[in-house]
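Novice: Sharing a sequence plus its predicted fold:
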Amino acid sequence: MKRNLVALVCVVGLALSGGACGDSGPVQPDLAFAPDTLPGAQIGQSYSVTISVSGNETPVFSLQVERGSLPQGLSLTHQAVQSLGVLEGTPTQAGSFAFSIRASCFGTNRPGQEGIKDYLLVVQ
């Protein structure tokens, strides 16, 4: 009887959560970043690109440069509790700059989603 009750609870939980018995719930979808690639920039000219995140189940609470670095003169600003950030400023040096942007979402009954997107920005 006890084993049947445990199995029934598992089946009901599975039906309600969409997950499997013993796991923490359904698999979270991957976060998607847009644009896929960044347009080039010019030294001394104003640059602004909006980077949006989609596929999130809860709001994005952090959008930041994870690896690498932005060209001098540019910064990434997360728009509070929105799924986007703005990469903007006036680059002061030429070169190819590889960096990654990490998005982190709020969690509810489980850890929030996270995703990383690699970018390359060429400044001429």
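Specialist: Alright, I've got the coordinates. These numbers come from a predicted model, not from an experiment.
Novice: my read: Gly40 touches Gln124, true?
Specialist: Yes - with contact defined as C-beta atoms under 8 Å, Gly40 and Gln124 form a contacting pair (6.4 Å). C-betas here are computed from N, CA, C, even on glycine.
Novice: what's whichever strand or helix holds Gly85 packed up against?
Specialist: Gly85 is located in strand 84-89, with elements delineated by DSSP states H and E. The contact analysis (3 or more C-beta pairs under 8 Å, 6 or more residues apart in numbering; DSSP states H and E) places strand 84-89 against strand 47-54, strand 60-68, strand 74-78.
Novice: Give the pairing partners of the last one; include direction for each.
Specialist: Taking DSSP bridges as the criterion, strand 74-78 sits next to strand 84-89 (antiparallel) in its sheet.
Novice: Buried residues in the partner strand, which are they?
Specialist: For strand 84-89, a neighbour-count test (16 or more other C-beta atoms under 10 Å) marks 84-85, 87, 89 as buried.
Novice: Tell me the first helix or strand C-terminal of that strand.
Specialist: strand 95-105.
Novice: What sits closest to Phe33 if chain neighbours are left out?
Specialist: Leaving aside its sequence neighbours, Phe33 sits nearest to Lys117 (C-beta to C-beta, 6 or more residues apart in numbering; 3.8 Å).
Novice: Identify the residues contacting the one you found.
Specialist: Listed by C-beta atoms under 8 Å, 6 or more residues apart in numbering, the contact set of Lys117 reads 33, 51, 100-101, 103.
Novice: Tell me the buried residues within those residues.
Specialist: The neighbour count (16+ other C-beta under 10 Å) marks 33, 51, 101, 103 as buried among the contacts of Lys117.
Novice: Just grab the bridge partners of the spatially most central residue of the chain for me.
Specialist: Note on the chain: the residue nearest the mean C-alpha position is Ala103, at 2.8 Å, using C-alpha atoms, centre = their mean. In this entry, Ala103 is beta-bridged to Leu63, Gly115, by DSSP bridges.
Novice: sorry, back to before: can I get the buried residues of strand 84-89 in CSV including distance to Arg67 and pLDDT?
Specialist: Formatted as CSV, the buried residues of strand 84-89 follow (distance: C-beta to C-beta, whole Å; pLDDT from 0 to 100):
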residue, distance to Arg67, pLDDT
Leu84, 20, 93
Gly85, 16, 96
Leu87, 15, 98
Gly89, 19, 98
